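[1] I need the structure of the sequence given here:
(one chain, ligands or ions: 1)
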Amino acid sequence: MNVYETENPTPMVGISNPLFTEYGVAVFVKRDDLNHPIIQGNKWHKLKGNLKHAQQTNKDCLITFGGAYSNHIAATAAAAKQAGLPSIGYIRGDELATHPEKWSHTLINAANNGMQLRFISRQAYRQKESETFLKNLTTEFPNAYILPEGGSNVLAVEGFASLINDIEQQCPDWTHLYTAVGTGGTLAGLIKHAKYRPNRTIQGVAVLKQADYLLPHISEWSKTETQTVNWSLLTDYHDGGYGQLSSELKAFKTTFETQYQIPLDPVYTTKMMYAFYQELKQGHLPKGSKVVLLHTGGLQGNEPKNQG
Ligand SMILES: Cc1ncc(COP(=O)(O)O)c(C=O)c1O
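    Take a look at the predicted model:
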């Protein structure tokens, strides 16, 4: 797979359930987790424009940030390798520097893909967007391309035009589109590029607590000259916070995976799918709705060494 070209559209598969029949809705899963084994799902869309820009501006390395289990770190390492750019990952948690035996699958994989890992304390990590931190970084790496945590920026948002295009082709009369939300870049990209229709809504499902702070970022990133599609951010489905998964959601994940033979990741897509079922049961979707559940990938999170 070329770093910049999208392959054939990933499948849009219909799924059935007595619950969907009861509430009179049609449900589809957009299997974007199948677009790449590691630069998977939303990561592909977010990274392609950034990598292209890094190359066009002759940057000599790519620097980014993340936690030990970050899908973004895994994907960026693989994408940078594919683009022939050296990469550096600033990883939260300096205790890992001297304990490689404790490294997650994500970190081992990123290192195997050539990413230089730099472990920093949680305190230093919190300062990563500060002027001083960035100044030190650009002094050490004057020609680096710096990607924020989660990879969300203006170019990442643009990367979702092709995905929405595929969705419009595969399911032109969709009314509801669900996606998981971490930093909000994916949701913003979908909002920005979706066609407005009065009966359409894009529902973001926040996987972290107190996610309302993301709203201004999402609004800013998704601004257009024309009327944007209706959207909202559901903030009550974090299940205790980022990376938390209750026994109820673990059971939901297993049942869903067994029933549809579609693997879910524990951090993002399980919560998104669960949120949809709850919204449906609460009567929030009108009869006749056509729902697309976007599988954004993250399946490396299922690796045993990534289970905390
Ligand atoms: C699998 C998966 N789905 C959804 C998201 C949320 O994306 P965003 O950070 O753009 O909101 C992420 C986060 O990066 C992710 O890894």
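[2] Look at residue 198 and say how many residues are nearby.
    Each residue near residue 198 was counted by other Cβ atoms under 10 Å, and the total is 8. For glycine as for every other residue, the C-beta is placed from the backbone atoms N, C-alpha and C.
[3] Check residue 245 too.
    The number of residues near residue 245, taken as other Cβ under 10 Å, comes to 18.
[4] Does the closest residue to it other than its chain neighbours belong to a helix, a strand or coil?
    Ranked by Cβ to Cβ, 6 or more residues apart in numbering and with sequence neighbours excluded, the top spatial neighbour of residue 245 is residue 266, at 5.2 Å. Classification of residue 266 by DSSP: H, G, I helix; E, B strand; the rest coil places it in coil.
[5] Give the buried residues for stretch 80-88.
    Buried residues in stretch 80-88, defined by neighbour count with 16 or more other Cβ atoms under 10 Å: 80, 81, 82, 83, 85, 86, 87, 88.
[6] ditto for stretch 159-178
    For stretch 159-178, using 16+ other Cβ under 10 Å, the buried residues are 159-164, 166-167, 170-171, 174-178.
[7] still on that earlier bit, I'd like to know which of the buried residues of stretch 80-88 are part of strands.
    Mapping these onto strands (DSSP state E) picks out 87, 88.
[8] so which pair among the buried residues of stretch 80-88 is furthest apart in space?
    82 and 88 (16.4 Å; Cβ to Cβ).
[9] Can you tell me which residues in the stretch 1-150 of the chain are near the ligand?
    41, 42, 71, 72, 150 (Cβ under 6 Å from any ligand atom).
[10] Counting neighbours, what do you get for the third one?
    Put plainly, it is residue 71. 29.
[11] swap in the first one?
    A total of 30 residues lie near residue 41 under the criterion other Cβ under 10 Å.
[12] Could you do the second one as well?
    Residues near residue 42, counting by other Cβ under 10 Å, number 34.
[13] Hmm, residue 41 is touching residue 298, no?
    Yes. The criterion here is Cβ atoms under 8 Å, and residue 41 meets it with residue 298 at 6.4 Å.
[14] list the residues that contact both of those two?
    residue 33 (Cβ atoms under 8 Å, 6 or more residues apart in numbering).
[15] Name the nearest residue to the residue in the chain positioned nearest to the ligand, sequence neighbours excluded.
    Relative to the ligand, the nearest point of the chain is residue 298 (2.6 Å; Cβ to the nearest ligand atom). Leaving aside its sequence neighbours, residue 298 sits nearest to residue 265 (Cβ to Cβ, 6+ apart; 3.5 Å).
[16] so who does that neighbour touch?
    71, 297, 298, 299, 300, 301, 302.
[17] Let's see that with 6 Å instead.
    Residue 265 sits next to 298, 299, 301 when contact means Cβ atoms under 6 Å, 6 or more residues apart in numbering.
[18] Against residue 180, how distant is it?
    Noted for residue 265: a distance of 9 Å to residue 180, by Cβ to Cβ, to the nearest Å.
[19] Residue 130 too?
    28 Å.
[20] Pick out whichever of those two has more residues nearby.
    Each of residue 130 and residue 180 has its neighbours counted (other Cβ under 10 Å); residue 180 has more, 28 against 11.
[21] Mind checking what secondary structure residue 65 has?
    Classified using three-state DSSP, residue 65 is strand.
[22] Kindly tell me how buried it is, as a neighbour count.
    Count around residue 65 with other Cβ under 10 Å applied: 24.
[23] just residue 220 next, same as before
    12.
[24] Quick check: which element contains the nearest residue to residue 300 once chain neighbours are set aside?
    The shortest distance from residue 300 to any non-neighbouring residue, by Cβ to Cβ, 6+ apart, is to residue 74 (5.2 Å). Residue 74 belongs to helix 71-83 when assigned by DSSP states H and E.
[25] Now residue 119: phi and psi?
    Main-chain dihedrals, residue 119, degrees, to the nearest 10: phi -90, psi 130.
[26] any idea how far it is from residue 91?
    5 Å.
[27] out of those two, which sits in the busier spot?
    residue 91 (25 against 20).
[28] angle of whichever helix or strand the more buried one is part of against helix 71-83?
    Using DSSP H and E, residue 91 maps to strand 87-92. When axes from the mean of the first three to the mean of the last three Cα atoms, to 10 degrees is applied, the directions of strand 87-92 and helix 71-83 differ by 170 degrees.
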